[in-house]
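Student: 3D, please:
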Amino acid sequence: MSKKHKRVAPKYVPTKRQLSKWQRQARIRRIIIITAAVFLAGIIGYVGYGYYNDKIKPLHQTVIEVNDASFTMSYYVNMLESYSKLVEPSQIPNLADFAANQITQDELIRQGANSLEIQVTPQEIDEKIEESELPHERVYTDAIAAGLLREKLQEYFSSQLPATMEQAHTQVMLVESQEAADEVMTKIENGANFTALVEEFSCNNQTVGDLGWLPRELMPNSLIADATFSPDSGKINRIKDGPITKNTGYWLIEVTDKDEEQGIKARAILLGSKQEADEVKAELSHENFAELANEHSQYENGEGGGELGWLKEGDMNSASFDEAAFNLPIDEISEPVQDKSVQTTGGYWVVNVLEKGEHNISEEVSKRLANNKFMEWFQEQKESSTINNYLDEEKKSWAVNRVLSGR
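Tutor: Residues are numbered from 1 along each chain as shown. Predicted structure coming up:
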């Protein structure tokens, strides 16, 4: 049997022309691929650079310097974010300056405490962090450390205080006029109860009543301090205080026209006391109303000369004014109308000195004195430091938007 041979197709050999064509096509493909790669890399680089420039780079910029300490935008954003958790999103922009000031204050406290060799330990910080249920992040540990240092500084200043110092036990109240002050002083001299007199005569609810034993520096103001501690001051003192604001005033009202739809057309003078109102009323007439209003009235929202224009009930936000004005005949000037819903300036302090001399410092007085010493020390620390705040409105807005985007 003869052996059959398998037929083999002849091997194809491309021509030189075909090879040249294929090589050109390959080169074109490589150029296209390389061009596309370069283009894509350019896009990625551009986008990446833009992202870095917009989102990353600002975080590394220094925004606050306190002497040799510097704080980056990242730290500021974290601080702002920590406070933002306490408010609604719409309120976050209002915290921008607060967060920056807090960073500065905390660092000033840290540096100042260090100069006095007052420190807190990592264990103290950790315990406070755990107690407050806060995360172990730098902005929180820094804030906790500053708070602990402040407590230790106040303890330090408290330890510098003497056991006793000159103090006075006083009672004070603000009344509207010299006439009222004289009446109160007479009643006190005749044994009247001071608390009852406060209820009747006082026109300021913040600094009234029995102040207890206080040194000069804790008196409500320098006028009261001088009246209490000056060698020539008496047991009961009357002191004029021109700038003081009090919660009472007296209207002199004239209604010049009435209309069912428009209400009343009125003009008025607001005085600071019944005594002053009586004095102005004694020389007031239709002809000189505008002149006396311009000279004496403490009401600032009128049109000049005491003119209030057309009013309806409620426009003046004063029930006392409405009750008098809307029942007043046309062209008749009212008697003084007391109004406790307004504020006027000027008054008289009545200071009753019960005792004074060397006295033990109470715990409350010690805390207040120590806090005053701390505030004086902090102000000195601030004034002697180099503080740079680079946060302009644009940077603060950037930080706020960064915080908002993360909520």
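
Student: low-confidence stretches in the protein?
Tutor: Applying pLDDT under 70 to the chain flags residues 1-14, 16-22, 31, 34-56, 205, 407.

Student: what are the structural domain limits within it?
Tutor: 20-57, 62-160+373-405, 164-246+345-360, 249-342 (automatic domain parsing).

Student: would you turn these into a markdown table with distance to residue 366 and mean neighbour count?
Tutor: In short, each C-beta sits where N, CA and C put it, glycine included. Formatted as a markdown table, the domains of the chain follow (distance: least, CB to CB, whole Å; neighbours: other CB atoms under 10 Å):
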| stretch | distance to residue 366 | mean neighbour count |
| --- | --- | --- |
| domain 20-57 | 51 | 10 |
| domain 62-160+373-405 | 5 | 16 |
| domain 164-246+345-360 | 10 | 17 |
| domain 249-342 | 37 | 17 |
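
Student: tabulate those domains (TSV), appending distance to residue 367.
Tutor: Converted to TSV, the domains of the chain look like this (distance: least, CB to CB, whole Å):
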stretch	distance to residue 367
domain 20-57	47
domain 62-160+373-405	7
domain 164-246+345-360	11
domain 249-342	34
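
Student: and residue 150, how far from residue 314?
Tutor: Distance of residue 150 to residue 314, computed by CB to CB, to the nearest Å: 48 Å.

Student: repeat for residue 74
Tutor: According to CB to CB, residue 74 stands 53 Å off from residue 314.

Student: next up, phi/psi of residue 168, please.
Tutor: When quoted as degrees, to the nearest 10, the phi and psi of residue 168 stand at phi -140, psi 140.

Student: skipping adjacent residues, who's closest to it in space?
Tutor: What sits nearest to residue 168 in space, not counting adjacent residues and going by CB to CB, 6 or more residues apart in numbering, is residue 356, at 3.6 Å.

Student: export the helix or strand harbouring residue 227 as CSV, just CAs?
Tutor: If you go by DSSP states H and E, residue 227 is part of helix 222-229. Output in CSV follows, covering the C-alpha atoms of helix 222-229 (Å, rounded to 0.1, in the frame of the first residue of the first chain):
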residue,chain,number,x,y,z
SER,A,222,-17.0,103.5,90.6
LEU,A,223,-19.7,105.9,91.8
ILE,A,224,-21.0,103.5,94.3
ALA,A,225,-17.4,102.5,95.3
ASP,A,226,-16.5,106.1,95.9
ALA,A,227,-19.6,106.8,97.9
THR,A,228,-18.9,103.7,100.0
PHE,A,229,-15.2,103.9,100.6
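
Student: what residues does stretch 99-118 touch?
Tutor: By CB atoms under 8 Å, 6 or more residues apart in numbering, the surrounding residues in contact with stretch 99-118 are 63-64, 66-67, 69, 71, 75-76, 79-80, 83, 119, 142-143, 145-146, 149-150, 152-153, 156, 377-378, 381-382, 385, 387, 389, 391, 396.

Student: so how far is it from its chain's centroid?
Tutor: Counting by CA atoms, centre = their mean, to the nearest Å, stretch 99-118 is centred 20 Å from the centre of its parent chain.

Student: show me which strand runs longest in this protein.
Tutor: Taking DSSP state E as the criterion, the chain has its longest strand at strand 344-360.

Student: between that strand and helix 222-229, how many degrees?
Tutor: 40 degrees (axes from the mean of the first three to the mean of the last three CA atoms, to 10 degrees).

Student: can I get the helix or strand immediately after strand 344-360 in the chain as CSV, trimmed to CA atoms?
Tutor: As assigned by DSSP H and E, the chain's next helix or strand after strand 344-360 is helix 363-383. Output in CSV follows, covering the C-alpha atoms of helix 363-383 (Å, rounded to 0.1, in the frame of the first residue of the first chain):
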residue,chain,number,x,y,z
GLU,A,363,-15.8,81.9,98.9
GLU,A,364,-18.0,83.8,96.4
VAL,A,365,-16.0,87.0,96.7
SER,A,366,-12.8,85.0,96.3
LYS,A,367,-14.0,83.5,93.1
ARG,A,368,-15.0,86.8,91.7
LEU,A,369,-11.7,88.5,92.6
ALA,A,370,-9.7,85.5,91.2
ASN,A,371,-11.7,85.8,88.0
ASN,A,372,-11.0,89.5,87.7
LYS,A,373,-7.3,88.8,88.3
PHE,A,374,-7.4,86.1,85.6
MET,A,375,-9.1,88.5,83.1
GLU,A,376,-6.4,91.2,83.8
TRP,A,377,-3.7,88.6,83.4
PHE,A,378,-5.2,87.3,80.1
GLN,A,379,-5.5,90.9,78.7
GLU,A,380,-1.8,91.5,79.5
GLN,A,381,-1.0,88.1,77.9
LYS,A,382,-2.9,89.1,74.8
GLU,A,383,-1.4,92.6,74.5
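
Student: by how many degrees do helix 363-383 and strand 344-360 diverge?
Tutor: Using the same axes, to 10 degrees: helix 363-383 against strand 344-360 is 110 degrees.

Student: I'd like to know which elements whichever helix or strand comes after helix 363-383 is packed against.
Tutor: Where DSSP H and E defines the elements, the next helix or strand beyond helix 363-383 is strand 387-389. Packing partners of strand 387-389 (3 or more CB pairs under 8 Å, 6 or more residues apart in numbering; DSSP states H and E): strand 62-66, helix 96-115.

Student: which non-adjacent residue is nearest the residue positioned nearest the centre of the chain?
Tutor: In the chain, the residue lying closest to the centroid (CA atoms, centre = their mean) is residue 98, at 8.7 Å. Nearest-residue entry for residue 98: residue 83, 6.8 Å, with adjacent residues in sequence omitted and distances by CB to CB, 6+ apart.

Student: how about residue 372?
Tutor: Excluding the flanking residues, the one nearest residue 372 by CB to CB, 6+ apart is residue 217, at 6.6 Å.

Student: just say helix, strand or coil for that neighbour.
Tutor: helix (DSSP: H, G, I helix; E, B strand; the rest coil).

Student: distance of it relative to residue 64?
Tutor: Taking CB to CB as the measure, residue 217 falls 33 Å from residue 64.

Student: hey, what's the angle from the helix or strand that contains residue 267 to strand 344-360? Just curious.
Tutor: In this assignment (DSSP H and E), residue 267 forms part of strand 263-271. For strand 263-271 against strand 344-360, the angle between stretch directions is 40 degrees (the same axes, to 10 degrees).
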